[in-house]
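Enquirer: test case, fold it:
(chains A and B)
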Amino acid sequence: MEPRERVGQLYLEAREGVYRYLLTFGISPAQAQELTQDSFLRLFQSMSGGETIREPRAWLFRVAHNLALNVRTRERTCMPLDEMIHASLRDREPGPEDALIDRQRLLRISEAMTFLSPQQKQVLALRANGLRFREIAETLEIGVSSVYEFLNRAIRRLKKAADE
Amino acid sequence: MSDHLQPEQLLALLDGDLPEAGQHLETCPVCRHQVAALRSGLDDYLAWHQKAVQLAPPPPRSWKEIGALTQGKSKPAPLRRLIWALAAAATIAIVAYPTYHHIPSVEAAELLARAETVAPPPVAPLRVHTRSREFIRPAILRDSTRAEGADIAPLFQAARFDWVQPFGAGPFADWRDHLTDKHDAVEYENGLCLIRTSSDSNSLARATLILRISDLSPVSERLEFRENETVEIWAAPEQIEAPESASPSTRSAPKAPAPSIPAPARTLHVLAALHAISADLGVLELHDEGDRLVLRASGLSTARRDEIRRAIAGIDGVDLAFEDSTASAAAPPLRRPNPKPDGPAPLRALLESKLPQGEQVEDVVNQILDSSDAIMAQAFALRTLARRYPPEQERQLAGADRDVLLRLRGDYGRELNSRAGQLAHLLSPLFDAGRVAPSATTTWQSDSEQAFTTLQSLDSLLSELLAGPPRSSPSEAEMLRQLQDAMKRAQSAVRAVE
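Expert: You can find the predicted model right below:
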């Protein structure tokens, strides 16, 4: 498959996931969208240049991750996604679907999310975007056992909050 | 060598890459529990993530096609570089704007379509305000001829605006779509989005729908008819009845008589009552709903519910909404494995080298991290109090109520300082935190914000240096310096709120 087709397919599948992952860094939606597109453009450029990328999805998240870190250190950031989501969940009126999912438990998890460290949030967000743990380790440039550490501690905090 | 699965193996198992571990799980309850806990925790997170996906702000512009993205091929042409530079400049300007939700130039039609997709139709009863009166009606009328407000129904019919279900993006969009001439305006302010549509030909001259940007749910609607009538509609959540399918324990307690104390002071008294029984650290949620305060909680034991009922029994205007948790029973306690971080972990190794004989580094690390958790809970409670009572609100409280506020924040501040002292003691094998001067700002509210922020930074650093390798590879001395600085800043901020 040609690079344009491969990247095009991935673009349809993963752009929303990359965009939301970027929002967790507390950058604006406009900037997250720009960085998402920039990440795909870089993937296309690398593939077109003959680079062999075995796991383009993980590669993409890694590039997006680094771009977001650059922006975050350079510029003023906004409210991180988890804090915004918690505020939204807390303030919105319960909808019909909320009866099914235990809104209070979700609210407590949501609140606990705001206490997690950036690495813990990143591990969880990448997992939710379908990355395998080995890919998460590559994306964050840490070892798999460190991924375990972040995951385990994050889950302990979330469980503690959820079961309170 | 441990008989249990190593961290890498546990994660490989969750990825489905280690089928042979299935046999081990059958015979090893420790690993079985650990895998179950990880799966269950990930499920909790995914439930939150799915909700977050729905509530996350949509991208402000349409996605470019991949073809447009890749036109520059491997090297951006000068023109393309210029476009990217301009785009970057534009995004910097957007970031400089202080609110997260600012979404520029999204057309009304697109916004309404998104709101219809994302936000469910409102189900709460509606409060309707006309020039002459105000009344409550259901979100959806079953019999529009007999319901209150039937006298204004003809106005809606003439304008082709749905009176049966008049509130939200759906009916607004339906009305707007029928217009032969229309003028739209979209404005954003304070986390809200105002869509204003006017028409020269329709009997409804101008309609304004206000949406919450974070989830595009409707906040209010204002309809200005030509017949000198203006109708305002918004949700009246305090009128919500418990769903008929709910079990008795999920229903709200009977409503108390009308409140006899002002709402701000009432919240304060509830917080103080909850604080007295140690129920104020994130277990319960307080919501202002109309002129009442609703206290929601789930998963509490019957004894704890009774304790809370007794604690707030003397405060009028408060409704209780206890819900049964649908979650499965908590997993049995786990023995934490003893994973080793990848590569050298100098701070952990350093801590281990400084511990007295017989103390396990894993236990001490867990104590430190748990201590930081407890501090964050206190700091969060204090920040919540500070945000509920900004200086202008505090000034409006009566003297006795201000005393309650003073006692409450004093308790939080003292507890925070006590716990920070415990954390400093736990870290004493690494360094002596010493005494620091308070770094007070102008108000206790901003001191509370500062304390929360600095403690959050400390918590992140502890997590990074003790539970995983740092992102960069600073020297041991540099890591110690970073941690010591963070601890000093935190102590200084915490002392300011004492």
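Enquirer: does chain A sit close to the one helix or strand B:Val494 maps to?
Expert: Per DSSP states H and E: B:Val494 is located in helix B:476-496. No - under the criterion of CB under 8 Å from any CB of the partner chain, helix B:476-496 makes no contact with chain A; the nearest approach is 12.7 Å. (C-beta placed from N, C-alpha, C; glycine too.)
Enquirer: from the chain's centroid, how far away is that helix?
Expert: Relative to the centre of its chain, helix B:476-496 is centred 28 Å away, using CA atoms, centre = their mean, to the nearest Å.
Enquirer: and if you look at stretch B:475-495?
Expert: Counting by CA atoms, centre = their mean, stretch B:475-495 comes out at 28 Å from the chain centroid.
Enquirer: pull out the buried residues from that stretch.
Expert: Within stretch B:475-495, the residues that qualify as buried are B:479-480, B:482-484, B:486-495, counting by 16 or more other CB atoms under 10 Å in any protein chain shown.
Enquirer: which one of those residues sits closest to chain A?
Expert: For chain A, the nearest member of those is B:Ala486. The distance, counting by CB to the nearest CB, is 12.7 Å.
Enquirer: can I assume that closest one is in contact with B:Asp459?
Expert: No - in terms of CB atoms under 8 Å, B:Ala486 does not count as a neighbour of B:Asp459; the distance is 9.2 Å.
Enquirer: quick one: contacts of the helix holding B:Val494?
Expert: Residues outside helix B:476-496 that contact it (CB atoms under 8 Å, 6 or more residues apart in numbering or on different chains): B:346-347, B:350, B:413, B:416-417, B:420, B:423-424, B:427, B:430-431, B:433-434, B:436-441, B:447, B:450-451, B:453-455, B:457-458, B:461-462, B:465, B:470, B:474.
Enquirer: filter the residues you listed down to the buried ones.
Expert: Among these, those classed as buried by 16+ other CB under 10 Å are B:346-347, B:350, B:413, B:416-417, B:420, B:423-424, B:427, B:430, B:433, B:436, B:439-440, B:447, B:450-451, B:454-455, B:457-458, B:461-462, B:465, B:470.
Enquirer: return the residues in contact with the most centrally placed residue in chain A.
Expert: For chain A, A:Tyr21 is the residue whose C-alpha lies nearest the centre (CA atoms, centre = their mean; 2.7 Å). When contacts are counted by CB under 8 Å, 6+ apart, A:Tyr21 is found next to A:Phe61, A:Ala64, A:His65, A:Gln122, A:Ala125, A:Leu126, A:Asn129.
Enquirer: which ones among those residues lie within helices?
Expert: In this view, the contacts of A:Tyr21 that belong to helices under DSSP state H are A:Phe61, A:Ala64, A:His65, A:Gln122, A:Ala125, A:Leu126.
Enquirer: show the pLDDT at residue 116.
Expert: No chain was given, so I picked chain A. Reading off the per-residue confidence, A:Leu116 sits at a pLDDT of 81.
Enquirer: was after chain B, sorry
Expert: Looking at B:Glu116, its pLDDT reads 78.
Enquirer: go on, B:His24?
Expert: pLDDT recorded at B:His24 is 83.
Enquirer: right, is the strand or helix carrying it up against chain A?
Expert: B:His24 is part of helix B:21-27, with elements assigned from DSSP H and E. No - applying CB under 8 Å from any CB, one finds helix B:21-27 out of contact with chain A, separated by at least 14.0 Å.
Enquirer: which strands or helices does that helix pack on?
Expert: Here helix B:21-27 is seen to pack against helix B:7-14, helix B:29-55 when contacts are counted using 3 or more CB pairs under 8 Å, 6 or more residues apart in numbering or on different chains; DSSP states H and E.
Enquirer: I'd like the next helix or strand past the helix or strand of chain A with the lowest mean pLDDT.
Expert: Taking mean pLDDT, DSSP states H and E as the measure, chain A has helix A:98-101 as its least confident helix or strand, at a mean of 51. Reading on from helix A:98-101 to the C-terminus, the next helix or strand found by DSSP H and E is helix A:103-113.
Enquirer: before we move on, back to that, which among the contacts of A:Tyr21 are in contact with chain B?
Expert: Counting by CB under 8 Å from any CB, A:Ala125 from these sit close to chain B.
Enquirer: export the contacts of A:Tyr21 to CSV and tack on neighbour count, distance to B:Phe225 and pLDDT?
Expert: As requested, the contacts of A:Tyr21 are exported to CSV (neighbours: other CB atoms under 10 Å in any protein chain shown; distance: CB to CB, whole Å; pLDDT from 0 to 100):
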residue, neighbour count, distance to B:Phe225, pLDDT
A:Phe61, 28, 52, 93
A:Ala64, 26, 50, 93
A:His65, 21, 53, 91
A:Gln122, 24, 52, 89
A:Ala125, 24, 48, 90
A:Leu126, 25, 52, 92
A:Asn129, 19, 48, 86
